[in-house]
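Chemist: got a sequence here, can you build the structure:
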Amino acid sequence: DDGCGSLNAQAVCSPGVWRVCARFAGLSSEWALAIRDWRRLVTALSMGSCNLTAPMLRDSPLVEALSLSSSVQLIGITASDLATAWAARLKELCLWRTDQFTAVDLRLLVRAPQLKRLVANMCHTPIVHEFQPGEPGYQPAPGSFDTSVATEIAAWCSKLEALELSHPADDFGADALRLIVDGCPRLAHVKLGACRGLQDVSRLTQCTHLCHIEVEETYSLAETPQLIPTQLIPSCPLLEVLRCAGQTLGAAGFASLPRCCSRLTRLELNLEDDVGSSSLVSTGLISLAPAMKSLVHLALMGNIRHADEPLEGHEIGDDVLRAVAAGCRGLKTLQLEGAAITDAGLNELAACQPALTSLSLRACHEVSPKGVEAVLSACATINDLDLSWDSHLTTITALRLFGAAQVSITKFNLCGTDIDDSGVETLARMFSKLEFLELGYCHDVTEAAVKSLMRHGAPCLGRVGLGGAEQITEDVCASTSFELRHVTAYRI
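Modeler: Down below sits the predicted model:
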């Protein structure tokens, strides 16, 4: 598919892969006929709003990777039929909010001895606000992915290398995780989100191949979050990716990172709703930076504040930026949200990181256009720039900022800024390689600018974000997808 819900000729002509993604329209009979001759060669099947039928099972015997969304309907078949047809060959199984499957169904589907990657997002459809047990409004999680499913995984999936689990049943706790860890000795990639019954991940210390850990939501939803076990980080000498909430890592976690951070390439810490962790992360990063020689991606997220809020509790400042810039010389992407950095810090970043390719300064209100200009002048390799919710950014300042910039921006986020129609049109022409433009909550942008983008904007422009833009109607969003430039304007 082309990422926008429609099939293209290339998909039909690729004998190894058949991807069906029809979020906006069902699969037409014309395409179905074109694909029919290729089904017997299909190895990967990804389905959005389509019907999965008996002929598909019969005519696609080589499927090894299967991805199903919540909109997929099983017509004339059951989960048992799916398991019978494909489970023996499956190496990858992804279930996205497929809450129509019961625990019995899941137990059948995971009886896949060749399975290497399992993704199960069992979130309610539509998404329900998260409450803790005992709170008003609490709803039990769907009971499909429970301990009994973990038992089947342990028994059948000894080759499992990657597990991404979100919103399992409330009874999925430490015992269920222990079953999976003990039965899947090759486990290297673990992502646990919104596991409300799981408050202890210490069993992960037994995963000798673990190189990717994401446990952010698992603990941040708890009223009194548990810390990541102190011994977990030192037990992962192969650790390359760590994503968690700052409060769950804790001081002990930061202290243990130097023992294994020489291989760390991605570090993402969420500071949302936790004032204390901002100071903790600040102190920890300053001491860690010299040891993180392999770090390529650093993201400090969720520390958002309004322009008129005090800096108290937002301690990610120039001292952190200075330490990271000097110590992590291989850095390619840097994401800072609500950081209290200034132009002085950005000047030091520009001096030390000339190879930076992606920079996010979302809601960094102490930074002026001059600071951004210094980075862009020194880092001509930047192609992904996020200046969303920048209180200083208007059409006038933007044009001054980018007028002489020698950068090839392909992805540009201006969400929540005071940019207007003239600014949008000029910037789109200025950045000839622009592929993605985010204009959400830009209340001065009108339909005229959107229509102009379709006709005269950057030749590569493929997506325009308009969520929350008050002067943009749904009709304009719908009509843009039929323009010659194949731009899909979407609302969030």
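
Chemist: drop to CA atoms for contacts and neighbour counts, all remaining ones
Modeler: OK.

Chemist: Ser294: neighbour count?
Modeler: 18 (other Cα atoms under 10 Å).

Chemist: contacting residues around the spatially closest residue to it that is not a sequence neighbour?
Modeler: Excluding its sequence neighbours, the residue lying closest to Ser294 (Cα to Cα, 6 or more residues apart in numbering) is Thr265, at 5.4 Å. Neighbouring residues of Thr265 by Cα atoms under 8 Å, 6 or more residues apart in numbering: Glu240, Val241, Ser294, Leu295, Val296, His297.

Chemist: hmm, 10 Å instead?
Modeler: Applying Cα atoms under 10 Å, 6 or more residues apart in numbering to Thr265 gives the contacts 239-242, 292-298, 330-331.

Chemist: low-confidence bits of the stretch 1-150 of the chain, can you list those?
Modeler: 1-40, 49, 99, 124-143 (pLDDT under 70).

Chemist: for stretch 423-432, buried residues please.
Modeler: Gly423, Val424, Glu425, Thr426, Leu427, Ala428, Met430, Phe431, Ser432 (16 or more other Cα atoms under 10 Å).

Chemist: and that stretch, what's its mean pLDDT?
Modeler: Across stretch 423-432, the average pLDDT comes to 86.

Chemist: got it, and stretch 369-381?
Modeler: The pLDDT scores in stretch 369-381 average 89.

Chemist: could you do stretch 388-408 as well?
Modeler: 82.

Chemist: repeat for stretch 467-485
Modeler: pLDDT averaged over stretch 467-485 gives 64.

Chemist: check stretch 344-363 too.
Modeler: 93.

Chemist: quick check: Gly330 vs Ser360, distance?
Modeler: 17 Å (Cα to Cα, to the nearest Å).

Chemist: make that Ala326, sorry
Modeler: Distance from Ala326 to Ser360, by Cα to Cα: 19 Å.

Chemist: who has more neighbours out of those two?
Modeler: The residue with more neighbours, out of Ala326 and Ser360, is Ser360; 20 against 15, by other Cα under 10 Å.

Chemist: isn't that one up against Asp384?
Modeler: Yes: counting by Cα atoms under 10 Å, Ser360 does reach Asp384; the two are 8.0 Å apart.

Chemist: mutual contacts of those two, please.
Modeler: Thr333, Phe412, Asn413.

Chemist: contact partners for the last one?
Modeler: Right, Asn413. 360, 362, 384-389, 436-440, 464-465.

Chemist: repeat for the second one
Modeler: Shown here is Phe412, whose contacts under the criterion Cα under 10 Å, 6+ apart are 360, 383-388, 427-428, 431, 434-439, 464.

Chemist: among these, which are located in helices?
Modeler: Mapping these onto helices (DSSP state H) picks out Leu427, Ala428.

Chemist: burial count for Thr473?
Modeler: Around Thr473 there are 13 residues (other Cα under 10 Å).

Chemist: not counting sequence-adjacent ones, nearest residue to it?
Modeler: Nearest to Thr473 is Glu447, by Cα to Cα, 6+ apart, at 7.7 Å.

Chemist: what separation do you get for the one you found and Leu393?
Modeler: For Glu447, the distance to Leu393 - Cα to Cα - is 21 Å.

Chemist: also Asp343?
Modeler: Distance of Asp343 to Leu393, given as Cα to Cα: 15 Å.

Chemist: state whether Arg178 is indeed within a helix.
Modeler: Yes: per DSSP: H, G, I helix; E, B strand; the rest coil, Arg178 lies within a helix segment.

Chemist: just the pLDDT for it.
Modeler: So Arg178 comes in at 96 (pLDDT).

Chemist: that one contacts Ile153, correct?
Modeler: No: using Cα under 10 Å, Arg178 is not in contact with Ile153; the gap is 11.4 Å.

Chemist: residues shared between the contacts of these two?
Modeler: Cys184.

Chemist: max-length helix in this structure?
Modeler: The chain, longest helix under DSSP H: helix 275-288.

Chemist: run through who's touching it.
Modeler: Surrounding helix 275-288, the residues in contact under the criterion Cα under 10 Å, 6+ apart are 245-258, 261, 269-272, 291-292, 300, 303, 312-317, 319-324, 327-328, 339.

Chemist: give me the buried subset of those residues.
Modeler: In the contacts of helix 275-288, the ones that pass as buried (16+ other Cα under 10 Å) are 245-251, 253-258, 261, 269-272, 291-292, 300, 303, 314-317, 319-324, 327-328, 339.

Chemist: quick one: Cys244 is in a helix?
Modeler: No: in this structure, Cys244 is strand, not part of a helix, as judged by three-state DSSP.

Chemist: okay, now it: neighbour count?
Modeler: Counted with other Cα under 10 Å, Cys244 comes out at 23.

Chemist: surely it meets Phe254?
Modeler: No: contact criterion Cα under 10 Å: Cys244 and Phe254 do not qualify, at 11.9 Å.

Chemist: correct me, but Ala325 touches Leu346?
Modeler: Yes: at 9.4 Å, Ala325 and Leu346 qualify as touching, with contact defined as Cα under 10 Å.

Chemist: spell out which residues are contacts of both of these two.
Modeler: Common contact partners of Ala325 and Leu346 (Cα under 10 Å, 6+ apart): Cys352.

Chemist: find the nearest non-adjacent residue to Asp390, please.
Modeler: Ala363 (5.4 Å).

Chemist: residues contacting that neighbour?
Modeler: Contacts of Ala363 (Cα under 10 Å, 6+ apart): 303-307, 336-340, 386-391, 416-417.

Chemist: try Ala174
Modeler: Thr147, Gly197, Leu198, Gln199, Asp200, Val201, Ser202, Arg203.

Chemist: quick check: which of those residues has the minimum pLDDT.
Modeler: On pLDDT alone, Gln199 ranks lowest of the contacts of Ala174, at 80.

Chemist: from what I see, that residue and Asp171 are in contact.
Modeler: No: if you go by Cα under 10 Å, Gln199 and Asp171 don't touch, sitting 11.4 Å apart.

Chemist: of these two, who's got more company?
Modeler: Asp171 (19 against 16).

Chemist: picking that back up, ramachandran coordinates for the residue nearest to Thr473?
Modeler: Here is the backbone geometry of Glu447 (degrees, to the nearest 10): phi -60, psi -30.

Chemist: list the ones among the contacts of helix 275-288 that fall in helices.
Modeler: Of the contacts of helix 275-288, the ones assigned to helices by DSSP H are 246-256, 319-324, 327.

Chemist: Arg178 and Ile153: who's more crowded?
Modeler: Ranked by neighbour count (other Cα under 10 Å), Arg178 and Ile153 place Ile153 first, with 26 against 19.

Chemist: name the SS class of that one, please.
Modeler: Assignment for Ile153 (three-state DSSP): helix.

Chemist: now it: how far from Asp81?
Modeler: Ile153 is 19 Å from Asp81, by Cα to Cα.
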